[in-house]
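Colleague: A structural model of the following input is requested.
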Amino acid sequence: FWAAMHTLYNRGNAIFSFTFSCLAAIAIACFLSSELFFSGSPSVQLAIRDAHVESRQEFRHLRQKNDLGHVMFDLDADFTSLFNWNTKQVFLYVVAEYATEANFFNQVVLWDKIVLRGSGDEVLHLENVVPEYLFFDRGDGLRNNKNISLSLHWNVIPNTGLLPRRASDSITFGFSNYYNSRG
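Modeller: Residues are numbered from 1 along each chain as shown. Here you go, the predicted structure:
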């Protein structure tokens, strides 16, 4: 009777279950303490430096032309308030949102950056940033579009817990009603 109760399997299972329960409680405590006491609000300033549009030939269809937008922007941001002992990294990305006749809602990611804890990039002062990714619209929805909003989004990647996604206030700009030539 007593030998069956304390087998190696039973003891190993008890130790594993107790250890896992303790680690889960510590992880939940880490998450709650960082969410309740360290909810940071970064300061973000985004400004458009230059914006123009040109007509480019479609890659697959030689007769079809699409709009290609060129945007340069300045970014001043301080993300030090987001970094606490539970923050592993912060993923930043600039998004352009606009509407066309063909599509009610369009989103294009123009630029991104990963800021690691302790990397020294928590404070950004970037000028004349050229987007990493193309601002393509299928058709001619960018030319003379005056209602394009640009905003900075960020995901806080914690060691444990939820992955919140936040965004700064957006700024609105527009493209001219004529195409710039390739230069």
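
Colleague: Report the helix or strand with the lowest average pLDDT across the protein.
Modeller: Ranked by mean pLDDT, DSSP states H and E, the weakest helix or strand in the chain is helix 2-5, scoring a mean of 56.

Colleague: buried stuff in the very next helix or strand once past it?
Modeller: Under the assignment DSSP states H and E, the closest C-terminal helix or strand after helix 2-5 is helix 8-37. Residues 30-31, 34 are the ones in helix 8-37 that count as buried (16 or more other CB atoms under 10 Å). Using the backbone N, CA and C atoms, a C-beta is placed for each residue, glycine as well.

Colleague: what about residue 75, how many residues close to it?
Modeller: 19 (other CB atoms under 10 Å).

Colleague: Give me the nearest residue to it, chain neighbours excluded.
Modeller: Distance criterion CB to CB, 6 or more residues apart in numbering; nearest residue to residue 75, sequence neighbours excluded, is residue 126 at 4.5 Å.

Colleague: That neighbour is in contact with residue 74, isn't it?
Modeller: Yes - assessed by CB atoms under 8 Å, residue 126 is found in contact with residue 74 at 6.6 Å.

Colleague: Could you list the low-confidence segments of this protein?
Modeller: Counting by pLDDT under 70, the chain has low-confidence residues at 1-5, 37-39, 61-62, 181-183.

Colleague: And the contacts of stretch 109-119?
Modeller: By CB atoms under 8 Å, 6 or more residues apart in numbering, the residues outside stretch 109-119 that reach it are 71, 79, 83, 87-96, 121-122, 124, 129, 131-133, 135, 150.

Colleague: try stretch 123-132
Modeller: The contact list for stretch 123-132 (CB under 8 Å, 6+ apart) reads 49, 71-80, 94, 110-113.

Colleague: Counting neighbours, which bits of that stretch end up buried?
Modeller: Quick answer for stretch 123-132 (16+ other CB under 10 Å): 124, 129, 131.

Colleague: Provide the partner residues of the second one in its beta bridges.
Modeller: On the basis of DSSP bridges, residue 129 is bridged to residue 73.

Colleague: Fine by me, we can end here.
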